[in-house]
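Enquirer: Sequence first, predicted coordinates after that:
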There are 2 protein chains.
Amino acid sequence: MPVEESAEAGSIASRLNHLFETVHPADRGPYTNPEVAQAINTKAGHQVLGPTYLWQLRKGKRTDPTHSRLKAIADFFGVSPLYFYEEEMAKRTDEQLRLAGALRNASIRQMVLDADGLSERSMAAITTMIQSARAMEGLPDPGVAPE
Amino acid sequence: MPVEESAEAGSIASRLNHLFETVHPADRGPYTNPEVAQAINTKAGHQVLGPTYLWQLRKGKRTDPTHSRLKAIADFFGVSPLYFYEEEMAKRTDEQLRLAGALRNASIRQMVLDADGLSERSMAAITTMIQSARAMEGLPDPGVAPE
DNA sequence: CCGACGCGTCAACCAAAGTGAATGTGACTA
DNA sequence: TAGTCACATTCACTTTGGTTGACGCGTCGG
């Protein structure tokens, strides 16, 4: 049987539909596909996409739009293009989040830049030293994130 | 004369090339197109893009890649997909890019996590040690990105 | 009641994105 | 010098993103 194209959660389709439902003037209903296409094209000064294509995207008949069109759509709805990459954000591992936090410290950023290119041998020595420092300062063992 | 496709500033091509130039292990030159394509495909578990396509993108022969591919590329270089979306990421400094490159090294990532929370005092000691290691290994002074 | 209008839906079509295999080229080496 | 190897480059080909035009349906005004 033909695979029924269901709007996978986190897909472009579901996100786009959510935009339509959510982002619109308070005194009226959601924008229509032709409206959005029209507005985008007018603003761009040339044809960017047609109404049908928006429909296909919302239906999941077309996934994976191009850079420029996704940007235009995000722009129209006033959201960051990152909105369509959210899964990427959600997939951000715990390690990545802790890294991001640590890197807000200027000293640590400098340390990274300095350490870049060092041999594994040197890195090992430095790691040992850091472990000692942690112990001396009474910090817990890292490696696993606290719940 | 035939219109020479020059890498327009802020274009995908120029940004991508900048990534190649900037984000790579310190002890070697930039990644090659086949390398990157290979890495991306391996990580994805299926074919995402070929080496030729990367070349075309960098040369400006192909503009406007697909959502998924752009995501894969950004992911490989450890930058947000926003990097390819104009203005918003104009702020992204070279330092951040070099950080991204360095953080692809697992040892360095671990070091960051370990160092997080240490006192400035300890950080200073570690920095000193790293500087020594750099000197011993004959690495140049960092801090400024080579032109 | 009915014709016009606009939107969602569909399917055939077109153009651009992306591929694969062959060729050119420089570095490294026997 | 010849041979090899890996990468950049090229181009003909395939795939799929995106368009065009037609059809059905609900709504509104006469």
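Expert: Okay, I see it.
Enquirer: and the strand or helix carrying A:T52, how far from the chain's centre?
Expert: Element membership of A:T52, judged by DSSP states H and E, is helix A:51-59. Using CA atoms, centre = their mean, to the nearest Å, the mean C-alpha position of helix A:51-59 is found 22 Å from that of the whole chain.
Enquirer: For the helix ranked longest in chain A, which helices and strands make contact with it?
Expert: Taking DSSP state H as the criterion, chain A has its longest helix at helix A:120-136. The contact analysis (3 or more CB pairs under 8 Å, 6 or more residues apart in numbering or on different chains; DSSP states H and E) places helix A:120-136 against helix B:106-115, helix B:120-136. Any C-beta I mention is one placed from the backbone N, CA and C, and that applies to glycine too.
Enquirer: winner for burial among the ones you listed?
Expert: helix B:106-115 (a mean of 20; mean count of other CB atoms under 10 Å in any protein chain shown).
Enquirer: okay, now the nearest residue to A:L54 once chain neighbours are set aside: neighbour count?
Expert: For A:L54, ignoring the flanking residues on the chain, the nearest one in space by CB to CB, 6 or more residues apart in numbering or on different chains is A:N33 at 4.3 Å. Using other CB atoms under 10 Å in any protein chain shown, the number of residues around A:N33 comes to 19.
Enquirer: could you check the distance from A:Y53 over to A:A72?
Expert: 11 Å (CB to CB, to the nearest Å).
Enquirer: do the same with A:R28
Expert: 22 Å.
Enquirer: Which one of the two is surrounded by more residues?
Expert: Counted by other CB under 10 Å, A:R28 and A:A72 do not tie: A:A72 has more neighbours, with 21 against 7.
Enquirer: which SS class is that one?
Expert: At A:A72 the chain is in helix, as set by DSSP: H, G, I helix; E, B strand; the rest coil.
Enquirer: and what of A:P30?
Expert: Reduced to three states with three-state DSSP, the structure at A:P30 is coil.
Enquirer: Confirm for me that it is in contact with A:E21.
Expert: Yes - A:P30 is in contact with A:E21 according to CB atoms under 8 Å; the separation is 6.0 Å.
Enquirer: Can you name the residues of chain A sitting close to DNA strand C?
Expert: By CB under 7 Å from any atom of the strand, the part of chain A that sits against DNA strand C consists of A:32-35, A:51-52, A:55, A:59, A:66.
Enquirer: Show me which of these are buried.
Expert: A:33, A:66 (16 or more other CB atoms under 10 Å in any protein chain shown).
Enquirer: So which of the residues of chain A next to DNA strand C reach DNA strand D?
Expert: By CB under 7 Å from any atom of the strand, the members of the residues of chain A next to DNA strand C lying near DNA strand D are A:51-52, A:66.
Enquirer: can I get these in TSV with pLDDT?
Expert: Converted to TSV, these look like this (pLDDT from 0 to 100):
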residue	pLDDT
A:P51	97
A:T52	97
A:T66	96
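Enquirer: Please list which of those residues also come close to chain B.
Expert: With CB under 8 Å from any CB of the partner chain as the criterion, those include A:T66 near chain B.
Enquirer: could I get the ones next to DNA strand D among the residues of chain A next to DNA strand C as JSON lines with distance to A:M136?
Expert: Shown next, in JSON lines, are those (distance: CB to CB, whole Å):
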{"residue": "A:P51", "distance to A:M136": "66"}
{"residue": "A:T52", "distance to A:M136": "66"}
{"residue": "A:T66", "distance to A:M136": "54"}
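Enquirer: With respect to A:L113, which of the ones next to DNA strand D among the residues of chain A next to DNA strand C is nearest?
Expert: Distance to A:L113, by CB to CB, is smallest for A:T66 among these, at 35.3 Å.
Enquirer: Tell me, how many residues neighbour A:L118?
Expert: A:L118: 24 surrounding residues under other CB under 10 Å.
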